[in-house]
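> have a look at this prediction, sequence included:
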Amino acid sequence: MDLRKLFYDDSDSDSEHSVADNLKGIGNLEINNNGNDENITCWIFGYGSLCWNPGFTYTKCVTGYIRGFVRRFWQGSISHRGTPDKPGRVATLCAEKEGITWGCAYKITGRTALEYLKQRECTIGGYVTLDSKFFPRVATCDTEFRGEAFPVLVYIATDQNSLWVGDLPIQSIAEQISESSGASGHNVEYVIRLADFMREEIPNETDDHLFDLEHRIIQILIKRNTPIHSLMGIPPERIRRDSHANIERPTTFEFASRVPDKKLRCLNV
């Protein structure tokens with residue numbers, strides 16, 4: 001199924017095919033609704049502003065990652081974090097065989113959240129959708145998957161959309177972000193809050209592109225004598241994630257495979 005047909009369909013809610021009809025066949029959806037769109041259930045993967053500002057109602061939030069992609073600030077924003085005259089930059093995913101992108105998966109139910117995401121990510125943001133496997137960081141009492149991978153819906157911008165700005169030297173990207181602002185706030189806030197999410201939720205992992213960009217932006221602001229807090233807007237509400245629940249050990253070897261080797265020394269006692 002071409003997922004783009006769902007999120008670029010401009011027909012109204014009274015059309016012959018419901019959201020449930022369009023979504024049938026997507027692996028991460030539970031459709032046992034007898035034609036009722038309000039019972040649609042699926043998992044959405046967030047790797048940008050969704051990590052700290054989902055903007056929709058959800059029932060569960062789990063931290064983890066998907067494989068085969070890296071996060072890059074190569075998508076333009078002329079509404080949320082920029083303007084047509086001075087576009088901002090927001091995150092998208094670029095395919096990379098050994099890549100891993102950390103974020104969080106939200107479990108949502110009903111048509112409302114999907115319609116909101118269609119407007120926010122696709123109509124305004126220029127994103128399309130695809131399916132991917134999500135690997136939870138830990139097994140928790142908040143998810144039925146017990147640490148095993150499960151399918152998620154992912155929003156991704158490609159170089160085929162009109163808002164694509166692509167790669168530039170990292171310093172040029174930092175300069176552009178430091179000068180851009182839109183309806184949702186300053187572009188700097190987007191980067192800082194995403195970096196904060198990584199530090200707070202996955203302190204042992206890194207994202208070189210994100211953290212290098214954050215460092216350069218901070219240096220630019222220091223030279224301009226611009227206080228960072230003046231660009232940060234209203235602090236978002238704290239999101240209850242798996243890390244704030246009673247954590248159990250993973251039931252797979254997924255995380256053991258990523259633990260760095262340790263050398264042990266024998267001591268004579």
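Perfect, thanks for sending it.

> flag every buried residue along the host helix or strand of residue 103.
Secondary structure assignment for residue 103, by DSSP states H and E: strand 88-109. By 16 or more other CB atoms under 10 Å, the buried positions in strand 88-109 come out as 88-94, 100-109. Glycine gets a C-beta too; all of them are placed from N, C-alpha and C.

> quick one: strands adjacent to it?
Paired with strand 88-109 in the same sheet, following DSSP bridges, are strand 41-46 (antiparallel), strand 60-77 (antiparallel).

> mean pLDDT lowest where, among those?
Comparing mean pLDDT across the strands paired with strand 88-109, the lowest value falls on strand 41-46: a mean of 88.

> can you give me the first-to-last residue distance of stretch 52-66?
18 Å (CA to CA, to the nearest Å).

> now do the closest residue to residue 65 other than its chain neighbours against residue 213, distance only.
Using CB to CB, 6 or more residues apart in numbering and skipping the chain neighbours, the partner closest in space to residue 65 is residue 102 (4.6 Å). To residue 213, residue 102 is 16 Å away according to CB to CB, to the nearest Å.

> pretty sure residue 195 is touching residue 210, no?
Yes - between residue 195 and residue 210 a contact is recorded at 5.7 Å, counting by CB atoms under 8 Å.

> wait, residue 189 touches residue 234, no?
No - using CB under 8 Å, residue 189 makes no contact with residue 234, being 9.8 Å away.

> lowest-pLDDT helix or strand in the protein?
Least confident helix or strand, the chain: helix 3-7 with a mean of 32, by mean pLDDT, DSSP states H and E.

> more neighbours, residue 189 and residue 234?
A count of neighbours by other CB atoms under 10 Å puts residue 189 above the other of residue 189 and residue 234, at 22 against 7.
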